[in-house]
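> any chance you can model this:
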Amino acid sequence: MEARLIEEIPTGDGWQYEPKWDGFRCVAFRDGERVFLQSKSGQPLARYFPDIVGLLATLTERQIVLDGELVVPVSGALSFDELQLRLHPAASRVQKLAKAHPATYIVFDLLAANGQVYLQQPLRERRPLLEKFARSNFRSVKNLCLSPATTNRTTAAEWFKKAGRDLDGIVAKQLDAPYASGERTAMVKVKQIRTADCVIGGFRYARASRVIGSLLLGLYGDDGLLHHVGFTSAFKASERPKLTKKFEALKKQPGFTGNAPGGPSRWSTDRTGEWEPVDPRVVVEVAYDHFTGGRFRHGTKLLRWRLDKKARQCTMDQVERREGKSLALLRG
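Model (predicted):
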C-alpha cells in the first residue's frame with residue numbers, strides 16, 4: 001500500500017497517524033524456515049539484511065506477512081548512509097556491516113498470520129491484531145519493533161516537529177480502509193520540507209540539447225572549499241534559453257573547489273562527469289527534504305534567486321541534521 005503526498009496533516013475522525021521512518025520500505029514473509037524480504041518495488045532484500053532474516057526466523061509465529069521499514073541506527077540516530085551501504089554485492093561485506101551496525105525492522109502492519117489473511121480487514125481491526133502479535137513476539141527481540149500509532153492529531157503534530165533526523169514525516173491511514181496493495185487511496189504522507197541557500201557552481205546541458213537541464217548546487221564547508229551538494233532542475237522550459245545565456249557567460253574553472261561532480265559515489269550516473277563550471281557568485285534558495293552523505297538526497301525545488309546574499313554565506317551548517325528524540329518513540 002502506497003501513500004499520496006499532501007501538504008497538511010489531515011483532520012477529522014477516521015484517521016490513524018504514524019511516524020514516517022527514514023529507511024527502506026519492506027514487506028517480510030515467513031513460511032516455516034523460509035524468510036523473504038521484498039522492497040516496495042518488488043526487489044528481494046534478504047541477502048542485504050541477513051540479521052533481520054535471522055530474527056524473523058526465531059519468532060514463535062511460523063507463517064506471517066508483515067509490512068514495515070528497515071532502518072540502521074548508528075550512535076542514537078538512523079543512518080541512511082549505513083542503510084545504503086548494505087546494498088553491496090559481496091556477502092562477506094554485508095555480514096561485516098550487519099555485525100558493526102545491526103538493522104532494525106520497524107513493523108506497522110500485519111497482513112497475514114498462521115493461515116489467516118487480513119488484507120480485507122479495515123485498519124481499525126488490523127492494528128489490534130498487530131499489537132497482540134508484537135506483544136507475543138517482539139518483547140525479547142531487540143531489533144524488531146512495533147511502530148507507534150495514534151488517532152490524536154495533536155500527538156501526530158508533535159511527531160511531525162521532529163521530522164528531519166530519524167523521521168521522514170507523518171503517515172495518515174484511513175481506519176476503515178482495507179490494505180490496498182499498490183494503491184494510494186487510503187494512505188497519505190506529509191513531509192517536512194526545509195530550505196537552504198546554495199551557490200551555483202556549475203550546470204549541465206539537457207540531453208541532446210544545448211540548453212540548461214540542471215543547475216549544480218554548492219555549499220562552503222569548514223575547510224573553506226565549495227562542495228557540490230546536489231542539483232535543481234525545477235524551472236520552466238520557457239526559462240531555459242535565458243538561463244543558458246546567463247550561465248554560459250559565467251563559465252569559469254574550477255566551479256567547485258572541494259568535492260565536485262564526477263567523483264565516485266552511489267549517486268553517479270553515465271552523465272555525472274558531464275558538467276560546465278561557472279564563477280560561483282549566483283545564490284539561490286532551494287527547498288529539500290533530506291540532506292545526507294554530504295548532499296541532497298533528491299533533486300531540490302528552486303524557490304527564488306538570492307541577489308541579496310553573498311556566496312560565502314552559503315555554508316554547510318544550514319543543512320546539518322537537527323537533534324531530536326525520534327527514536328524514543330520506539331521505546332514508548
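> dihedrals phi and psi, the residue lying farthest from the centre of the chain?
The centre of the chain is farthest from one residue, A249, which by Cα atoms, centre = their mean lies 36.6 Å away. Phi and psi for A249, reported as degrees, to the nearest 10, are phi -70, psi -20.
> per-residue confidence at it?
We have a pLDDT of 96 for A249.
> run through the residues that contact it.
With contact set as Cβ atoms under 8 Å, 6 or more residues apart in numbering, A249 has no partners. In short, each C-beta sits where N, CA and C put it, glycine included.
> how much space separates it from E33?
66 Å (Cβ to Cβ, to the nearest Å).
> mind giving me the domain split of the protein?
For the chain, automatic domain parsing gives the domain ranges 18-152, 194-318.
> name the single longest strand found in the protein.
When the chain is parsed with DSSP state E, its longest strand is strand 194-205.
> what packs against the following helix or strand past it?
Elements were assigned by DSSP states H and E; along the chain past strand 194-205, the next helix or strand is strand 212-220. Applying 3 or more Cβ pairs under 8 Å, 6 or more residues apart in numbering; DSSP states H and E, we find strand 212-220 packed against strand 194-205, strand 226-232, helix 240-248, strand 283-288.
> 10 Å - rerun?
Packing partners of strand 212-220 (3 or more Cβ pairs under 10 Å, 6 or more residues apart in numbering; DSSP states H and E): strand 194-205, strand 226-232, helix 240-248, strand 276-277, strand 283-288, strand 295-296.
> what about the nearest residue to Y17 once chain neighbours are set aside, how many residues close to it?
Closest residue to Y17 apart from its sequence neighbours, by Cβ to Cβ, 6 or more residues apart in numbering: A156 at 3.5 Å. By other Cβ atoms under 10 Å, the residues close to A156 number 22.
> pLDDT weak spots in the chain?
Scanning the chain for pLDDT under 70 picks out 164-166, 263-273, 320-328, 331-332.
> quick one: the helices in it?
For the chain, applying DSSP state H gives helices covering 50-56, 80-85, 91-100, 123-137, 153-161, 240-248.
> just say which of these is most tucked in.
helix 50-56 (a mean of 20; mean count of other Cβ atoms under 10 Å).
> helices or strands up against that helix?
Other helices and strands packing on helix 50-56, by 3+ Cβ pairs under 10 Å, 6+ apart, are strand 24-31, strand 34-39, strand 63-71, helix 91-100, strand 104-113, strand 144-146.
> buried ones in the second one?
When burial is assessed from 16 or more other Cβ atoms under 10 Å, strand 34-39 yields the following buried residues: 35, 37-38.
> report the angle between the longest strand of the chain and helix 240-248.
Angular relation of strand 194-205 and helix 240-248 on a 0 to 180 degree scale: 90 degrees, by axes from the mean of the first three to the mean of the last three Cα atoms, to 10 degrees.
> pull the distance from strand 194-205 to the chain's centre.
21 Å (Cα atoms, centre = their mean, to the nearest Å).
> quick check: bridge partners of A113?
Bridge pairing for A113 (DSSP bridges) gives the partners I64, Q116.
> count of neighbours near it?
Counted with other Cβ under 10 Å, A113 comes out at 20.
> thought it was touching D31?
No. Counting by Cβ atoms under 10 Å, A113 does not reach D31; the two are 11.5 Å apart.
> what do these two both touch?
Taking Cβ atoms under 10 Å, 6 or more residues apart in numbering as the criterion, A113 and D31 both touch 62-65.
> and the furthest pair within these?
Greatest spacing in the shared contacts of A113 and D31, by Cβ to Cβ: R62 and V65 (12.2 Å).
> the more surrounded of those two?
V65 (20 against 13).
> residues contacting the more buried one?
27-31, 36, 38, 109-113, 117-119, 179.
> just the buried ones from those residues?
27-30, 38, 109-111, 113, 118, 179.
> which of those lies closest to K96?
Closest approach between these and K96, by Cβ to Cβ: A28, at 22.9 Å.
> which non-adjacent residue is nearest that closest one?
Leaving aside its sequence neighbours, A28 sits nearest to L66 (Cβ to Cβ, 6+ apart; 4.6 Å).
> quick check: the one you found vs P261, distance?
Relative to P261, L66 is positioned 40 Å away (Cβ to Cβ).
> before we move on, back to that, okay, and the common contacts of R62 and V65?
Taking Cβ under 10 Å, 6+ apart as the criterion, R62 and V65 both touch 30-31, 113.
> wait, what's in contact with T244?
By Cβ under 10 Å, 6+ apart, the residues touching T244 are 203, 205-206, 209-213.
> buried subset of those residues?
203, 205, 212.
> what residues are up against the first one?
F203 sits next to 212-216, 231, 233, 243-244, 246-248, 250-251, 255, 275-278 when contact means Cβ under 10 Å, 6+ apart.
> one more time with 7 Å
212, 214-216, 247, 275-276, 278 (Cβ atoms under 7 Å, 6 or more residues apart in numbering).
> rebuild those as TSV, extending it with distance to D289.
Below are the contacts of F203 laid out as TSV (distance: Cβ to Cβ, whole Å):
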residue	distance to D289
I212	23
S214	17
L215	18
L216	19
F247	26
W275	23
E276	27
V278	26
